[in-house]
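Visitor: quick one, structure for this:
(3 chains)
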Amino acid sequence: MPRLNRERPHRALLAGLALATLIVGAPAARADDVGSMAGSPSGSQSGRGLTTLRQRGFARLAMSNEPPWAVIRADGSIGGAGPDLVRAVFRRMGIDDVRGVVSSYGAMIPGLMAGRSDLIDSGMFMTPGRCMAVAYSQPDLCDREALIMQHKGRPGPRSYRDVAADPNLLIGVPAGGSEERLALTAGVPPARIVPVPDGPSGMIMLETGRIQIYSLPAMSGRHLLDLWGTRRFDLIPADGTPVMCAGAAFSRDATDLRDAYDRALAALQANGDYARLLTRYGFDPALSLHRTRADLCAAPQPTAGPRP
Amino acid sequence: MTATLIDLAVSMGRGLAITAWLTMGGCALALACAFLFGLGRVSERRAVRAISIGYIELFRGTSVFVQIFWLYYALPAFGILLSPMVSGIVALGLNVGAYGAEIVRSAVGAVGRDQAEASTALNLTRWQSLRYIILPQAVPRMIPVFGNNAVELLKATAIVSLISLSDITFQAQQFRIRTGQTIMPFIVTLLLYFMLYLLILHGVRRAERAYALPSGNRPS
Amino acid sequence: MQPLIRIAGLSKSYGSSRILDNLSLDIPAGQKVALIGPSGSGKTTILRILMTLESIDSGQVEIGGARLFDETATGPAYVAERRLRPIRAQVGMVFQHFGLFPHLTVERNIVLPQILNRVASEPEARRKAMELLDLMGLADKAAHYPDRLSGGQKQRVAIARALALQPRVMLFDEPTSALDPLRVNEVLQVLHAVARTTDMTMLLVTHEMSFARNFADRVLFFDHGRIVEDGPPDAVFDTPRDPRTQAFLRLSSQGE
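Guide: Numbers count the residues shown, from 1 in each chain, chains lettered A, B, ... in the order given. Purely as a prediction, here's the structure:
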């Protein structure tokens, strides 16, 4: 599921290496600006402008398996709200084919920087920190935080603050993600916060009593309940949490492509295709209406800013 | 249920092919590097020794995680764009090859000095001595340890999900996320790795027999 | 006549102990020389230098007129490998611990060096090997691997292997000292036969005094890296001049 700032040890390492890549990558990017590199390895991998993509005929979309945001099927084909939306936007831009580059979550930004993909759309929430590393489109998929717990037939906690108040509750959070910060801010002591590697693991931890509450974005929670059955579990919105938005992320040297994407996205929002597509996956198209990249990238969010 | 089983079979089959290719390619490269740099390590030329030591220490001293990352994500900045499979094979091969080089060095060192001196006394060149006298005695010592390294390489292949290769482990993880089922993909994963392990073991046994040192007399 | 082997001003130390001390020695072609003396007196080191197995601190060695060492900034160093190989081709060596190749049969031990040195074709090399094994009384062991042979048999194979390359100089480094005393004679007999039937130049380091006397035309007594006695066997053994030689021979005869 989408996370803000995952910082498991190897992810921190990835971030460091990504930075190194960015630095050593700078000369190659400049060379590409000269425009004389077509055909050379450096030219072909750095050339990610709109013209290059039109000539090539397809875009390479980096994504990890985060249903329903992004889905990788058994045969390797891709789907989910993010990739389907990307496909629709690119079709409008005159690029008919979008090919998936299946990555682990932590490898998507390094891959984008190294020219292994043209964009990321995998429910990766916008944060000021990420906005500095990549060029985001306008927000496309937004969601609220939610809590899952076993169905007990009596009222349980409704917010992170409620979890903090009950010393018997252990809360699972996507490892190092925004939920951890939300829980800490609400006063849950670190000893009662348990990192969860992935959705199915979180559900098993709930079933076996390793945790009592599992917090995650509502859409990810709904997908898990579809698999596990809604009778045994409750999914409730977490009170007092902000709306998070993901967007398509481009390389910072491909802002022309990003801008073209924004224009096409706006057109889809205007003609209603956007709403139809999101509704099909259960997303609320209204959530993104009054939110902009400028707001989401500008200031550190009160609950989940970049870490030092 | 049937659909789920088909999903499992298809995805794990695809993962198995990736893991098997990585293991075979990685082992082949590791073997070549092991001999090249293991013998370079004991070369009479200073420069060759220095290069070999540099290679061995660089790749033993940094994790395969960092190496695969550099090959796949950082090299493109220098104009070298390797495919995911080639990146995976090169990273695993170079990493395990560094350990293999030390095995070659120590196995060659374990052959008595008297063998090299007898070779000199019989006026063999250094290459002839290596090829006909030293290596035939050193290789049987290397094979079991090479076998361990091959198994380590097999297990290290799980790292390639980092570079968009969907190996066995990655496919099992994707299957879990798609279906919510945990036990079944983990059983299949376990069996597949163990099967590959047995294949390596079998290969090592055969190689051990093929290169065994003679003992006792043989009919002429 | 030019001596076949010329050793001039040879010195070598291991740390603070001096193994060879400014040693000079000429050996004419065809001479059978026995090198005797206490352990650590430098006898074996001389053989190993002639076989190009040992570095030196100063001095020069010539075999058949060709120099083994170049003078460099850091002292004498062996000449380049490509110049060394023709010199080595004239020298053969038999070691105390045999140095047989355990992964090759007895026959192959003798055949392979001939082929690699291009001195014989495969069939010629095999014929030669069988001839020599016959001479050594080991024809029935041709297909055996060395680990099935006794020490005496191994040493005879080693001698056959060295002889197969037909060197001008043969070096024997204590060829019987690693053997079961019961097996010493079979090797000595072979050595004696070879010495009598060829005009090869031979250097033998040994502690077998009576054999040294029978085998050699010339006996050198070493002590502390120097030659302190040099003469025909009768003179050295019967009327040694140096007190160190006298003391050593007295002790050796007690041991026998």
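Visitor: residues of stretch A:265-283 that come out buried?
Guide: A:265, A:268-269, A:274-275, A:277-278, A:281, A:283 (16 or more other CB atoms under 10 Å in any protein chain shown). C-beta coordinates here come from the backbone N, C-alpha and C atoms, glycine included.
Visitor: so which of those residues sit within helices?
Guide: Counting by DSSP state H, the buried residues of stretch A:265-283 place A:265, A:268-269, A:274-275, A:277-278, A:281 in helices.
Visitor: tabulate the buried residues of stretch A:265-283 (TSV), appending pLDDT.
Guide: Shown next, in TSV, are the buried residues of stretch A:265-283 (pLDDT from 0 to 100):
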residue	pLDDT
A:L265	96
A:L268	96
A:Q269	95
A:Y274	95
A:A275	95
A:L277	95
A:L278	95
A:Y281	93
A:F283	95
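Visitor: from those, which is closest to chain C?
Guide: A:Y281 (68.8 Å; CB to the nearest CB).
Visitor: contact partners for B:V139?
Guide: Neighbour list for B:V139: B:107, B:211 [criterion: CB atoms under 8 Å, 6 or more residues apart in numbering or on different chains].
Visitor: any idea how far chain A is from B:A20?
Guide: Shown here: B:A20 relative to chain A, a distance of 17 Å by CB to the nearest CB, to the nearest Å.
Visitor: would you double-check that that residue falls in a strand?
Guide: No. Assigned with DSSP: H, G, I helix; E, B strand; the rest coil, B:A20 falls outside any strand and is helix.
Visitor: now the residue lying closest to it once chain neighbours are set aside: how far from B:T189?
Guide: Nearest non-adjacent residue to B:A20, counting by CB to CB, 6 or more residues apart in numbering or on different chains: B:L196, 6.9 Å away. From B:L196 over to B:T189 the distance is 11 Å, taken as CB to CB, to the nearest Å.
Visitor: now C:L165
Guide: Taking CB to CB, one finds C:L165 at 60 Å from B:T189.
Visitor: tell me the confidence at the residue nearest to B:A20?
Guide: B:L196 carries a pLDDT score of 97 in this model.
Visitor: the closest residue to chain A within the stretch 51-200 of chain C: neighbouring residues, count only.
Guide: In the stretch 51-200 of chain C, no residue comes nearer to chain A than C:E81, which is 42.9 Å away by CB to the nearest CB. Residues contacting C:E81 under the criterion other CB atoms under 10 Å in any protein chain shown number 12.
Visitor: tell me the contacts of the residue in the stretch 151-300 of chain A that chain C sits nearest to?
Guide: When distances are taken as CB to the nearest CB, the stretch 151-300 of chain A reaches nearest to chain C at A:P197, 52.3 Å away. Contacts for A:P197 were tallied using CB under 8 Å, 6+ apart; they are A:A175.
Visitor: what's the residue in chain B that chain A sits nearest to in contact with, if anything?
Guide: Closest residue of chain B to chain A, CB to the nearest CB: B:G180 (3.3 Å). Residues near B:G180 by CB under 8 Å, 6+ apart: A:199-200, A:203, A:224, A:227-228.
Visitor: cool, and B:I159?
Guide: Counting by CB under 8 Å, 6+ apart, the residues that B:I159 touches are B:64-65, B:68.
Visitor: so which of those comes closest to B:S52?
Guide: Set against B:S52, the nearest of the contacts of B:I159 by CB to CB is B:V64 (19.4 Å).
Visitor: dump the residue contacts of B:L75.
Guide: B:L75 touches B:81-82, counting by CB under 8 Å, 6+ apart.
Visitor: C:P233 now?
Guide: Contact analysis of C:P233 by CB under 8 Å, 6+ apart lists C:34, C:212-214, C:216-219.
Visitor: A:A74 against B:T179, yeah?
Guide: No. Under the criterion of CB atoms under 8 Å, A:A74 makes no contact with B:T179, lying 9.4 Å away.
Visitor: please enumerate the shared neighbours of these two.
Guide: The contact lists of A:A74 and B:T179 share B:D7, where a contact means CB under 8 Å, 6+ apart.
Visitor: these two: which is more packed in?
Guide: Ranked by neighbour count (other CB under 10 Å), A:A74 and B:T179 place A:A74 first, with 21 against 17.
Visitor: so what pLDDT did the more buried one get?
Guide: 84.
Visitor: could you measure from it over to B:T4?
Guide: 10 Å.
Visitor: likewise for A:M108?
Guide: In terms of CB to CB, A:M108 sits 28 Å off from B:T4.
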